[in-house]
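Student: Quick one: sequence and predicted model below, then my questions.
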Amino acid sequence: EVQLVESGGGLVQAGGSLRLSCVYSGFTFDEYAVGWFRQAPGRERERISCITSSVDITYYAESVKGRFTISSDNAKNTVYLQMNSLKPEDTAVYYCAATRGYYSCSGYPIYEYDYWGQGTQVTVSS
């Protein structure tokens, strides 16, 4: 059974940093694309970063490029999202999701990500 569990969210002031963790189980990381998504109230869920390790490809949305970094630790079955220079507009529920595949993770539509975590709230105060 595939499971993803996010943690690391919280309240932070603008300009601050947080590191989100996604602990996964039930699949082999090299066979999947894993992404971070977020959804703010009244807005659609958006992909902000993802990784396909089998082809060594990472992706960042323009809104987070240069501020967020995705990484993985296979020994810990964990994917991280380091978030720096946070802005109030980064406030959202952040989700980790996975889909089986070997291609660039950004090529998979959001609806093709089959497995989702429960989400973790990130709130950035101004």
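Tutor: In hand now; what should we look at?
Student: ok, and for stretch 1-9, which residues are buried?
Tutor: L4, E6, G8, G9 (16 or more other CB atoms under 10 Å). In this view, the C-beta of every residue, glycine as well, is placed from N, C-alpha and C.
Student: Mind checking which of the residues you listed land in strands?
Tutor: Those of the buried residues of stretch 1-9 mapping onto strands are L4, E6, per DSSP state E.
Student: got JSON lines for the buried residues of stretch 1-9, with pLDDT and distance to C96 too?
Tutor: Listed next are these as JSON lines, based on pLDDT from 0 to 100; distance: CB to CB, whole Å:
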{"residue": "L4", "pLDDT": "98", "distance to C96": "5"}
{"residue": "E6", "pLDDT": "98", "distance to C96": "5"}
{"residue": "G8", "pLDDT": "98", "distance to C96": "10"}
{"residue": "G9", "pLDDT": "98", "distance to C96": "11"}
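Student: Going by distance to D30, which of the buried residues of stretch 1-9 wins?
Tutor: Nearest to D30 among those: L4, at 16.2 Å, using CB to CB.
Student: Nice, that's everything, thank you.
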